[in-house]
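*Asks:* quick one: sequence and predicted model below, then my questions.
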Amino acid sequence: MDSRNQSEAIDFILMGLSSNPKVKFLIFNLFSFVYITTLTGNCFLIVLIRIMSSLRSPMYMFICNLSLLDITFTSVTVPKMLVCLMSKRCFISFNGCFTQLYFYHFLGCSECFILSIMGYDRYVAICHPLRYPQIMSKTCIQLAQAAGSLDSSTLVPYIITARFIILPFQKFTISFVICPHSAELSCTDTS
């Protein structure tokens, strides 16, 4: 068998959750409602935190960052899933699949880092309540820069995606509505 990557110009077929049109329509409405609610709620939080001067503490800054990450995280997969639910046959290109896989992991890692920083913020607020403003004024900027640069969360998904992008693929149907880890699609042993 040729060891080169044979997946240069292929499309993957996303099979979806159901083939029944009524079930697809019901799922489409449910996911549309949840997606719009997620976008609206997170945008409302961001605007509220930016407008109200009483919400200028580090905790609310981290909540604002988490809301922004939540908007982008859900926007990586849900729009394509909604399009697939309303079409008869749904395709995703090889590059689109790996782009989705990369950003899914990138934003997931970023959320983990933000949640870790928020955990530290709450630890300082609970264990050192009198020194909280002093401690967080020094470390908040450093933590925000670390979370803002997201250097660490860039490396992990790059390794995951680069590891699979060189594999040959012969399975062209995906039984999900999003791209799974690409090892499931490869025709070689990935262990």
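*Replies:* Cool, got the structure.

*Asks:* show me where this protein has helices.
*Replies:* With helices called from DSSP state H, the chain shows them at 21-51, 58-86, 94-127, 132-149, 151-165.

*Asks:* which among these is found nearest to Asp11?
*Replies:* Closest of the helices of the chain to Asp11 is helix 94-127, at 7.1 Å (criterion: CB to CB). In this view, the C-beta of every residue, glycine as well, is placed from N, C-alpha and C.

*Asks:* quick one on the thing from earlier: how about the helices of the chain, which one is nearest Ile10?
*Replies:* helix 94-127 (5.3 Å).

*Asks:* report all helices and strands that the closest one contacts.
*Replies:* Secondary-structure packing of helix 94-127 (3 or more CB pairs under 8 Å, 6 or more residues apart in numbering; DSSP states H and E): strand 11-14, helix 58-86, helix 132-149, helix 151-165.

*Asks:* got CSV for those, with mean pLDDT, distance to Phe94 and mean neighbour count too?
*Replies:* Formatted as CSV, the helices and strands packed on helix 94-127 follow (pLDDT from 0 to 100; distance: least, CB to CB, whole Å; neighbours: other CB atoms under 10 Å):
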stretch, mean pLDDT, distance to Phe94, mean neighbour count
strand 11-14, 69, 7, 18
helix 58-86, 88, 14, 18
helix 132-149, 71, 30, 14
helix 151-165, 71, 9, 15
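
*Asks:* cheers, nothing more for now.
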